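**Q** I'd like to go over a predicted model; first the sequence, then the structure.
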Amino acid sequence: MATKLPIAIILPHASLDIPPEFDGRLAIDENQIFNEADVYTDLIFDFRDRVTHWLRFPYARALIDVNRPDDPAMLKRIGDGVIKDVTSYGQAVFKPEQRPDLIEEQEIVQRYWLSWHEKLAAIAADPEIKLVIDAHSMAARGPKKYDPLQKIRPRACVSNLGDSAGEPNGLPGVTMSAPALRLLGEEVSRRFARLPALCEAAVPRPVALNDPYRGGWDMKAHGLESQQPWAMIEVSRAMYVGRQDAESPAQPPRMVQIEPLREALWEAIETLYWRLERGEGG
């Protein structure tokens, strides 16, 4: 087997599983959980035999979101904390009187959120790791709770907490140099432009930088202070699921779409890694 590259892949939103604490308490069903997830990113970014670290959070992001701070004062969107109250389509997650109370919420945070971030901190502190990819997917159009116009999104987004050129944008810094992020965007864009989409994904650029997402809490908490570069990659589900809304039925993975995406992403990530190793990434 080929030597694994010193890269970490983290997947905070890939799971569809329900934590045992929530059994019988949910107002949403498996279809709604499916439409909230970064579904099948564990297949698209399945590089576990090629990288040193491959970390997947085991429960659905519709219920527990480890890519959020454990601090309600830092959150601007109601219901968008570690434990979700509503979906991105505005549906209540829990049945009446079934949401965890403050004590149970703190226990769940300690059990799941803290454990996840301890693992990320260990990756960030590991001098052997040279690149971290925060792996996500996004709906083909913005969910109406956050985007009333439901605009068509790019085929992919690569992010470093910066602006549309990858430069710092009001935060203490960025998690990857702007030239390196632009290189990653160019590599993904060139490959994704050749792949078919299942629904509308027509934008001027196949891949955007820091749009519609600049990066989440995992990157802010661990990537800004880390010695290794971190980048988020968001793949549009237009490329492998199709158009979704709140009630779209769950579907099995379409491997005929997923496999080319996986190899295109790996080629882009591997190219970035070797360019960084040669000191060519800025």
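**A** Ah, there it is.

**Q** Wait, residue 26 touches residue 96, no?
**A** No. Taking CB atoms under 8 Å as the definition, residue 26 is not a contact partner of residue 96, at 11.8 Å. Backbone N, C-alpha and C define where each C-beta goes, glycine included.

**Q** These two - which one has more neighbours?
**A** When residue 26 is set against residue 96 and neighbours are counted by other CB atoms under 10 Å, the residue ahead is residue 26, at 19 against 7.

**Q** for this structure, longest helix please?
**A** helix 255-277 (DSSP state H).

**Q** Only the buried residues of that helix, if you could.
**A** 257-258, 260-262, 264-266, 268-273, 275-276 (16 or more other CB atoms under 10 Å).

**Q** I'd say residue 158 and residue 212 touch.
**A** No. Residue 158 is not in contact with residue 212 according to CB under 8 Å; the separation is 11.9 Å.

**Q** Of the two, which one has the most company?
**A** residue 158 (31 against 15).

**Q** and the more buried one, that's in a strand?
**A** Yes. Membership of residue 158 in a strand is supported by DSSP: H, G, I helix; E, B strand; the rest coil.

**Q** in the sheet, who's paired with it?
**A** Here residue 158 sits in beta bridges with residue 209, residue 233, going by DSSP bridges.

**Q** who are the neighbours in contact with it?
**A** Residues near residue 158 by CB atoms under 8 Å, 6 or more residues apart in numbering: 181, 184-185, 188, 207-210, 231-234.

**Q** how far away is it from residue 237?
**A** To residue 237, residue 158 is 16 Å away according to CB to CB, to the nearest Å.

**Q** what do you get for residue 50?
**A** Where residue 237 is concerned, residue 50 sits at a distance of 23 Å (CB to CB).

**Q** end to end, how far does stretch 38-54 reach?
**A** For stretch 38-54, the separation between the terminal residues is 16 Å (CA to CA, to the nearest Å).

**Q** That stretch - what's its average pLDDT?
**A** The average pLDDT within stretch 38-54 is 97.

**Q** Numbering from 5 from now on, please.
**A** Fine by me, first position is 5 from now on; the one you just mentioned is stretch 42-58.
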